[in-house]
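> Please find the sequence and the predicted model below.
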There are 6 protein chains.
Amino acid sequence: MTRITVINPNTARAMTETVGRRARAVAAPSTAVAAVSPSMGPESIESHYDEALAVPGVLAEIAAGERDGTDGYVIACFGDPGLDAARELAAGPVVGVAEAAMHAATLVGRTFSVVTTLSRTAGRAWDLAHRYGAAGACRGVHACDIPVLDLDGPGAREAVADLCARAVREDGSDVVVLGCAGMAAFCDEVAEKAGVPVVEGVGAAVKLVEALVALGLRTSRRGEYAPPPPKRYSGLLGGFTVGPEGQTLRQAGIQAPFSTT
Amino acid sequence: MTRITVINPNTARAMTETVGRRARAVAAPSTAVAAVSPSMGPESIESHYDEALAVPGVLAEIAAGERDGTDGYVIACFGDPGLDAARELAAGPVVGVAEAAMHAATLVGRTFSVVTTLSRTAGRAWDLAHRYGAAGACRGVHACDIPVLDLDGPGAREAVADLCARAVREDGSDVVVLGCAGMAAFCDEVAEKAGVPVVEGVGAAVKLVEALVALGLRTSRRGEYAPPPPKRYSGLLGGFTVGPEGQTLRQAGIQAPFSTT
Amino acid sequence: MTRITVINPNTARAMTETVGRRARAVAAPSTAVAAVSPSMGPESIESHYDEALAVPGVLAEIAAGERDGTDGYVIACFGDPGLDAARELAAGPVVGVAEAAMHAATLVGRTFSVVTTLSRTAGRAWDLAHRYGAAGACRGVHACDIPVLDLDGPGAREAVADLCARAVREDGSDVVVLGCAGMAAFCDEVAEKAGVPVVEGVGAAVKLVEALVALGLRTSRRGEYAPPPPKRYSGLLGGFTVGPEGQTLRQAGIQAPFSTT
Amino acid sequence: MTRITVINPNTARAMTETVGRRARAVAAPSTAVAAVSPSMGPESIESHYDEALAVPGVLAEIAAGERDGTDGYVIACFGDPGLDAARELAAGPVVGVAEAAMHAATLVGRTFSVVTTLSRTAGRAWDLAHRYGAAGACRGVHACDIPVLDLDGPGAREAVADLCARAVREDGSDVVVLGCAGMAAFCDEVAEKAGVPVVEGVGAAVKLVEALVALGLRTSRRGEYAPPPPKRYSGLLGGFTVGPEGQTLRQAGIQAPFSTT
Amino acid sequence: MTRITVINPNTARAMTETVGRRARAVAAPSTAVAAVSPSMGPESIESHYDEALAVPGVLAEIAAGERDGTDGYVIACFGDPGLDAARELAAGPVVGVAEAAMHAATLVGRTFSVVTTLSRTAGRAWDLAHRYGAAGACRGVHACDIPVLDLDGPGAREAVADLCARAVREDGSDVVVLGCAGMAAFCDEVAEKAGVPVVEGVGAAVKLVEALVALGLRTSRRGEYAPPPPKRYSGLLGGFTVGPEGQTLRQAGIQAPFSTT
Amino acid sequence: MTRITVINPNTARAMTETVGRRARAVAAPSTAVAAVSPSMGPESIESHYDEALAVPGVLAEIAAGERDGTDGYVIACFGDPGLDAARELAAGPVVGVAEAAMHAATLVGRTFSVVTTLSRTAGRAWDLAHRYGAAGACRGVHACDIPVLDLDGPGAREAVADLCARAVREDGSDVVVLGCAGMAAFCDEVAEKAGVPVVEGVGAAVKLVEALVALGLRTSRRGEYAPPPPKRYSGLLGGFTVGPEGQTLRQAGIQAPFSTT
């Protein structure tokens, strides 16, 4: 049994459910998926401010997962918030949905287009494309300018599918990547309209975590991703104090007074 | 049941067996792995000349697989020979072992070192790192200068493991990548000596193909990877003629007189 | 009178004082420098985990500064934590010390070497060099492996200066960049030993903020750095809720219950 | 007397004649040009599949040329198929027409546009632009979507010239590059319509080979381009077996039973 | 008192006055600005030819400034002519206006558009963007095709402002950069029409030089920017002979017979 | 008859002779080589200052060549001084020796090492490698620290050859490039010691100019390299005034009072 925790970094429970459904739909029979969202932070992520402030909640969920023996994690927001810090904490692999989607896209085409929510998030998508070595394959990032929490509203699915079709046509790209975890249920409509493979990050990330776990691959403890050194935290974030000793969080223990249920 | 064909592009049956064992060891219970090697071409791949001439055999195996309803393919040589052409032919996904290894390595570390066989193949490894967007993460390509067919000889495993340990130390890298499919059985020894995650491409590629199949992702038929247009082939390669009509090889049919058993 | 707030993102008051002294030493007579540190978060920043969790405190200080009419901000940690989010919040310019140091270094030399604290932070320095367009000029990132809070201990200054001299010699670089705000007082010793210009980020950032304010340049409100949209925050971070209306935080107001004194 | 063999990698004799005429038209009086095409492989090259399967024929022609004392080679297809392998085999220099055209274009302008045949080949042109360091200068790759073997049909020349004129206008580029050896006779019409220098690769490659021969420059035998090691080949490709001993193919000898006349 | 010399590299006195006014408008009270133009060279800079031939005059002005104890220099032409050579000569910092503008632009936005004079100069702007690490942030270079000396003619200011507004709209960029020192007085009109921060290089460069001087930063004398070695110059340029000894021009002395008044 | 003018940009006649001899040794029988050096400027080029001040002399030689009907030009200094401006002036092609050498090197190997004179010029070599798209192939730039004018002194040739041998060994590169026109006669000694192809730029540039002339390729008159617009020049450089009318310098005429004999 492989235990994967899919973390929706915002506090919108409806989106957590969407994300969880998608994750379970693609997971192997031997995988147990837990879909969680933090007890703190923004209700959706639509700015650098939101993204930065979603990270403490993500890290608290990782800490909780480590206490429970989770095998691997998915960070289910297309900005991949807190990915580096999460890798320091977790014993098992952590994969972001933008990361997973971009890797998968390059396995089934030479080029891809991303369709995202708000225009202001396009810069973050490009930053991640550069980080993951996919900037050369990314032909365009297109915004539908529908707020994240309106993605399950009337017409949103169709508008996104239409934009996807236009994006691949204008960019001349081979693949379309859905640039928001809130679009996790849109694959079929988009595929029909766009006529190219549709890569959705939550599903891709779940399969990549399963793959890494099956291969026995965990984040390297050498260098940049070694467990964070012991550290005293103050004030509102005092619960994030890192105790002494221990090579992974599971042993060393974050003194976490916050509730994550 | 997912049917995956792992193609060893050279004609060395011992290596095909090694590769097949590794593939089966990591494959899901619901995956059937066929490990094959071509009926034509070089007995090992140690030059651009060898690599170029391994491609016809790889493509013949893809054609055979398409006739048999294969779901996805692994090209099990670290030069990923014939990957683009194979993608044009196959209905399902095709993944190379260098491609798979480099993607997997960047999911568990920021940097990696490759350990390969002959020095003369280092250039090819770098070319692929650039193509897959991993050149920034690749800190070094190191050659043990043991010929491919001697990898199962006495001392080879230990020499490779020693070199891996040295490579990550000198490069300051987080992960080591085994740069030859013939090293598929070396993971444990290397991990022990190098002290970092060891990424082996055959296993990684099998899991990536499984993931893509589970996600319903196939190579985009749009643009660069559309099925090859009908074409008359002459002489020694007349069997590679592409018949008229058909969207994938499975339908259009390569008039293949060559034996692939 | 130009009001600049220099934010030390960790909670170590001694470092806040060091940083404040350096800022005041280089500031123009017409500049009033406030050196602050957050009421929440880590006591030093030595991992991605620390850096991510320093950001809420940085943003709270920006929010406080906006209420007080601050003209510009310096983020005084070499990882430039929270820079993008801070730019969304602040009406005036925000500059990070790594950013400032790397820009300044390229104005007085073709190449530079960075000397940082722990080896594990070298990756972040390289990431920032890429982001700021300075990766081509950066010849090396060298770690003294002295923890941040030990930088004012005996021998640290000399050890850093020795490493700086070695770094420029080995890298063949023109300039040395001090890669931690805690080294802000080391310039003279380093310059003497290294024999090249020494760029210290706190000072550089203060001067850049002064320059931008004098030129009337503020962060573009168009696109990526527009003020964050109104958003409800929950739990521990409920105080970061963004109220409705308003083009900058100063108008829109973060409902900040946290103390920042 | 310099002996240059221009290899048309496909089996279309009409194109071999076109290519040969162009080569002879620009060759020095002291150069003897042989234009050849393989006895095996595709009749035109319009996919990765075709390109991969053109390589054995190209290599057989190189082997034949080596037996005959050829001084240098041109590979006359804009995908430069088999270039690396050919360099391992040949004692003298080998130049591809895309390679030659891109180098020449950057000597007479800062930017260029490529006009190619089918859209699906544009990706290959970009790959080569990256490999040859010309991606920064390449402003666009434009497809006329005329099959290779129809280039000598009615209207093709005019359509290509029109597209070239449009390409340089839209891209704002200084030079146009003809992206198919089958366009070797189109220079005059294109130049007239496009109003910029027109670089045709067959001619450019012949002159570059002449230049390298005159300078006494041969492919480096060190490292990546050393002669391929002895190797047993099987089946259909058994004739490509590399015999023992010998530093270049001319000495070592490929046991080539295939006819190349 | 900081003494800054702003060098207009062409001989058009009206532009020197424009540039000087802008420099004084942004300079600190403690800064004395001298605005000069060479006694030799082109009356405006609109080609590589003009730019190359503006350099001797720029260097003569640097030599004169060194004799007079100047603390830092601005080269006030958007091609930054002679920047590297000027850095070898001057004891204090030298900053070009394109350099300053591009650095400043990236501090207040993620992306910028440049608006320049003649189309033929766009290539130079891109070259500099690459050199200064700003090519990733530069979304476009747009030419108004108004000759430099007509920038103070009727309608020029409005035309430039209109083009700036169009450029940021089409490019989707955050900031506009004025790509000619002759536009130094256009900031207000452009800002009003474009609705984004407007970066003007003369002002930005003056503030950067002030900042470097305040920080005690001078061009590194190590390696590439060491003072030019003693050298005999002949003919028309005999006055540029570099005498023996001395670490900076101020000591070593250029035997300058040319008048710079 | 093709008339090629090889311009030694410095005033050292001995080097002009060396360069001329090398040019004639590789030129075709139908090529007439004129080797010239300017009547003005530095006696050798060892700094950015020297290089910038060599350009007026180079341009005067181009102007003279245009009056005399020269078919193409070589700029025989490894910094390629004035290349862009020269291209604007000349009707025929202009090639720099660094440019030619780097292009030629990539035709006979995957990687090369440059051996230059003074360490301070290494930065310029790297800049040019980036400009010509050869930075990926350039493995190292090594300085022998012998002044340019001492290259024909005792021991210089041997020291350069030794350094070349060391450079290719340490860099693991395929080819060595001689990084100064003053090394034009060193090919044989270097080849013997280094054991790899030796690319010397003067010879390479002469052959590239011959090739371009034979192909009828001239610098594009469109955009960046259009003839410089009419312009009044003052003072010492008044002779460089560009007269009205005319599409190339040959027609438009530079009013050149300076002697170039």
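The structure has been received and is ready for your questions.
> quick one: contacts for the closest residue to chain E within the stretch 101-250 of chain A?
Closest to chain E within the stretch 101-250 of chain A is A:G123: 5.2 Å, counting by Cβ to the nearest Cβ. C-betas here are computed from N, CA, C, even on glycine. Residues in contact with A:G123 (Cβ atoms under 8 Å, 6 or more residues apart in numbering or on different chains) are C:223-224, E:110-111.
> check which helix or strand covers it.
According to DSSP states H and E, A:G123 maps onto helix A:122-131.
> and if you look at A:E46?
For A:E46, there is no host helix or strand (DSSP H and E).
> That one: neighbouring residues, count only.
23 (other Cβ atoms under 10 Å in any protein chain shown).
> Alongside chain F, which residues does the stretch 1-150 of chain A contribute?
Taking Cβ under 8 Å from any Cβ of the partner chain, no part of the stretch 1-150 of chain A reaches chain F.
> which helices and strands sit right next to the longest helix seen in chain A?
Counting by DSSP state H, the longest helix found in chain A is helix A:48-67. Packed against helix A:48-67, as judged by 3 or more Cβ pairs under 8 Å, 6 or more residues apart in numbering or on different chains; DSSP states H and E, are the following elements: strand A:2-7, strand A:31-36, strand A:41-42, strand A:72-75, helix A:83-89, helix A:249-252, helix C:48-68, helix C:83-89.
> pLDDT weak spots in the stretch 151-261 of chain A?
A:245-261 (pLDDT under 70).
> How much space separates A:I7 from A:A34?
A:I7 sits 9 Å away from A:A34, going by Cβ to Cβ, to the nearest Å.
> The two: which has the busier surroundings?
Counting neighbours by other Cβ under 10 Å for A:I7 and for A:A34 shows that A:I7 has the greater number, 30 against 17.
> On the strand side of things, show who that one bridges to.
Judged by DSSP bridges, the bridge partners of A:I7 are A:V36, A:I75.
> Does it touch A:Y73 like I think?
Yes. Contact status for A:I7 versus A:Y73: in contact at 6.3 Å, counting by Cβ atoms under 8 Å.
> residue contacts, the residue of the stretch 151-261 of chain A found nearest chain D?
Relative to chain D, the nearest point of the stretch 151-261 of chain A is A:G172 (8.0 Å; Cβ to the nearest Cβ). Contact analysis of A:G172 by Cβ under 8 Å, 6+ apart lists A:111, A:139, B:223, D:119.
> and of the residues you listed, the nearest to C:C164?
Set against C:C164, the nearest of the contacts of A:G172 by Cβ to Cβ is A:R139 (43.5 Å).
> what about the residue lying closest to the closest one once chain neighbours are set aside, neighbour count?
Counting by Cβ to Cβ, 6 or more residues apart in numbering or on different chains, the nearest residue to A:R139 once its immediate chain neighbours are dropped is A:D171, at 3.8 Å. The local packing of A:D171 (other Cβ under 10 Å) involves 18 other residues.
> Also A:E170?
For A:E170, the count of nearby residues is 12 (other Cβ under 10 Å).
> show me the residues around A:G235 that make contact.
By Cβ under 8 Å, 6+ apart, A:G235 lies in contact with C:11, C:38-41, C:57, C:258.
> pretty sure A:A165 is touching A:E192, no?
No. Between A:A165 and A:E192 there is no contact, the gap being 9.2 Å when judged by Cβ under 8 Å.
> Those two: which is more packed in?
Taking other Cβ under 10 Å, A:A165 and A:E192 do not tie; A:A165 has more neighbours (18 against 11).
> How about the residues of the stretch 101-250 of chain A by chain B?
By Cβ under 8 Å from any Cβ, the part of the stretch 101-250 of chain A that sits against chain B consists of A:103-104, A:106-111, A:132-137, A:168, A:172, A:174-175, A:195-197, A:199-200, A:203-204, A:207-208, A:210-212, A:214-215, A:217-220, A:222-225.
> Look up the closest residue to the residue in the stretch 51-200 of chain A positioned nearest to chain B, ignoring the ones flanking it.
The nearest approach of the stretch 51-200 of chain A to chain B comes at A:G133, 2.3 Å away (Cβ to the nearest Cβ). Distance criterion Cβ to Cβ, 6+ apart; nearest residue to A:G133, sequence neighbours excluded, is B:G133 at 2.3 Å.
> What of A:D80?
Using Cβ to Cβ, 6+ apart, the closest residue to A:D80 is A:G96 (3.0 Å).
> Contacts only, for the one you found.
By Cβ under 8 Å, 6+ apart, the contact list for A:G96 reads A:74-75, A:77, A:80, A:83, A:128, A:201, A:205.
> make it 10 Å
Contact analysis of A:G96 by Cβ atoms under 10 Å, 6 or more residues apart in numbering or on different chains lists A:9, A:73-84, A:86-87, A:102, A:128, A:131-132, A:201, A:205, A:208, B:107.
> Give me the buried entries from those.
A:9, A:73-84, A:86-87, A:102, A:128, A:131-132, A:201, A:205, A:208, B:107 (16 or more other Cβ atoms under 10 Å in any protein chain shown).
> Which positions in the stretch 51-200 of chain A make contact with chain D?
The stretch 51-200 of chain A comes close to chain D at residues A:110-111, A:136, A:172, A:174, as judged by Cβ under 10 Å from any Cβ of the partner chain.
> sorry, back to before: for the residue nearest to A:R139, give me its contacts.
By Cβ under 10 Å, 6+ apart, the residues touching A:D171 are A:111-114, A:138-142.
> Ok, A:G140 next?
In this structure, A:G140 makes contact with A:111-115, A:122, A:125-126, A:167-168, A:170-173, judged by Cβ under 10 Å, 6+ apart.
> Write the PyMOL selection for whichever of those residues are buried.
Buried members of the contacts of A:G140, defined by 16+ other Cβ under 10 Å, are picked up in PyMOL with:
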select buried, chain A and resi 111+112+113+114+115+122+125+126+167+168+171+173
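> from the contacts of A:G140, which single one is nearest chain F?
Chain F lies nearest to A:T111 out of the contacts of A:G140, by Cβ to the nearest Cβ, at 21.7 Å.
> Next one: the closest one from chain C, what distance?
According to Cβ to the nearest Cβ, to the nearest Å, A:T111 and chain C sit 22 Å apart.
> secondary structure class for the closest residue to that residue other than its chain neighbours?
Spatial nearest neighbour of A:T111, chain neighbours left out: A:S173 (4.3 Å); criterion: Cβ to Cβ, 6+ apart. Counting by DSSP: H, G, I helix; E, B strand; the rest coil, the backbone at A:S173 sits in coil.
> one step back: now the common contact residues for A:I7 and A:A34.
The contact sets of A:I7 and A:A34 overlap at A:61, A:64-65, A:73 (Cβ under 10 Å, 6+ apart).
> Show the contacting residues for the residue in chain A that chain F sits nearest to.
Here chain A gets closest to chain F at one residue, A:G136, 14.0 Å apart by Cβ to the nearest Cβ. Going by Cβ under 10 Å, 6+ apart, A:G136 touches A:106, A:110-111, A:129-130, B:130-131, B:133, D:126, D:130, D:135.
> in the stretch 151-261 of chain A, which spans are helices?
Secondary structure of the stretch 151-261 of chain A (DSSP state H, counting those that start in this stretch): helices located at A:156-171, A:187-194, A:201-214, A:249-252.
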